[in-house]
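Participant: Have a look; sequence and predicted model below, questions after that.
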Amino acid sequence: MQFFIDRIKGLSGAGIAGLIVVFAVVGVVLFITGARYINTAPAQCASCHPVITDMWKSSLNHPAEQVTCHECHAGHPELKASPNVLAFIRDTFIPEKYMATTERTEERCTECHNNIASSEKELSKLIKINHKAHLAAPIEQSGLEVNLGCVDCHFNIAHDKAEEQTNRPPMYSCFVSECHQKERNRDRCQKCHYQMLTDSGKIL
């Protein structure tokens, strides 16, 4: 310890200033790293939402090793015309303002799935879904104008409460209200499915 004290005493004014800058930078980096870990650690979310956290960990479409809570629920900073640069930097490195509202999750969906709104054909070999038609705003249904978003159909996408999890909407949700009522019979299955399925999900 005495060795370091002697070395510091032997530093010039510029050397001391440089040392202070180094300590300051290291301190800021350690603080940001610690604060980011605390604000984004799933264990923090699990302390209040243990059941939902377990659902997310076993999610088929947004598994824990690929997507974490803050990516879907934290506020993402934006630089505006008169930006608060310090606040922007803080919010970029230390995610805050967590929300589970439809508006928040809708924003996050399109950030990762940025081509889905213009997709007219589902990539799956089993189901035909025109995302472009469903996300066109508004859709006219029985004289009413309906604005659909991602979570209107994919409400189970990350926190699936069903016993058999899926990364797709359950079929009954397609028939809610006036949507697809005419197709609700076994003779019209192939309007939405490329292949006929049995009740167990096997291809006929």
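Facilitator: The structure has been received and is ready for your questions. Bear in mind that the values here come from a model prediction, so they are computed numbers and not experimental data. Residues are numbered from 1 along each chain as shown.
Participant: CA only for contacts and neighbour counts going forward, please
Facilitator: Fine.
Participant: center of this structure, which residue is that?
Facilitator: Cys72 (2.7 Å; C-alpha atoms, centre = their mean).
Participant: Let me see the ranges of the helices in the chain.
Facilitator: Ranges of helices in the chain, per DSSP state H, are 2-9, 13-40, 42-46, 50-57, 69-73, 85-93, 102-112, 131-135, 150-153.
Participant: Check the gap between the spatially closest residue to Glu122 that is not a sequence neighbour and Glu145 for me.
Facilitator: Taking C-alpha to C-alpha, 6 or more residues apart in numbering, and ignoring the residues beside it in sequence, Glu122 has Ile129 as its nearest neighbour in space, at 5.1 Å. Per C-alpha to C-alpha, to the nearest Å, Ile129 is found 20 Å from Glu145.
Participant: quick one, which of those two is more surrounded?
Facilitator: Taking other C-alpha atoms under 10 Å, Ile129 and Glu145 do not tie; Ile129 has more neighbours (17 against 11).
Participant: can you pull the contacts of the more buried one?
Facilitator: Glu120, Lys121, Glu122, Cys192 (C-alpha atoms under 8 Å, 6 or more residues apart in numbering).
Participant: Closest one of those residues to Cys48?
Facilitator: The shortest approach to Cys48 among the contacts of Ile129 belongs to Glu122, at 36.4 Å (C-alpha to C-alpha).
Participant: end-to-end on stretch 62-74?
Facilitator: End to end - C-alpha to C-alpha - stretch 62-74 spans 16 Å.
Participant: circling back: and among the helices of the chain, the most buried is which?
Facilitator: Counting by mean count of other C-alpha atoms under 10 Å, helix 69-73 has the highest mean neighbour count of the helices of the chain, with a mean of 19.
Participant: then it to PDB, C-alphas only?
Facilitator: C-alpha atoms of helix 69-73 as PDB (Å, rounded to 0.1, in the frame of the first residue of the first chain):
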ATOM      1  CA  CYS A  69     -38.500  -8.600 -19.700                       C
ATOM      2  CA  HIS A  70     -37.000  -5.200 -20.400                       C
ATOM      3  CA  GLU A  71     -37.000  -5.800 -24.200                       C
ATOM      4  CA  CYS A  72     -40.800  -6.000 -24.200                       C
ATOM      5  CA  HIS A  73     -41.800  -3.900 -21.200                       C
END
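Participant: helices or strands next to it in the packing?
Facilitator: helix 102-112 (3 or more C-alpha pairs under 8 Å, 6 or more residues apart in numbering; DSSP states H and E).
Participant: picking that back up, looking at the helices of the chain, which is closest to Arg168?
Facilitator: Using C-alpha to C-alpha and comparing these, the one that lies nearest Arg168 is helix 150-153, at 8.2 Å.
Participant: Can you tell me what sits against the closest one?
Facilitator: Applying C-alpha under 8 Å, 6+ apart, the contact partners of helix 150-153 are Thr102, Thr105, Glu106, Cys109, Leu135, Ile157, Pro169, Ser173, Cys174.
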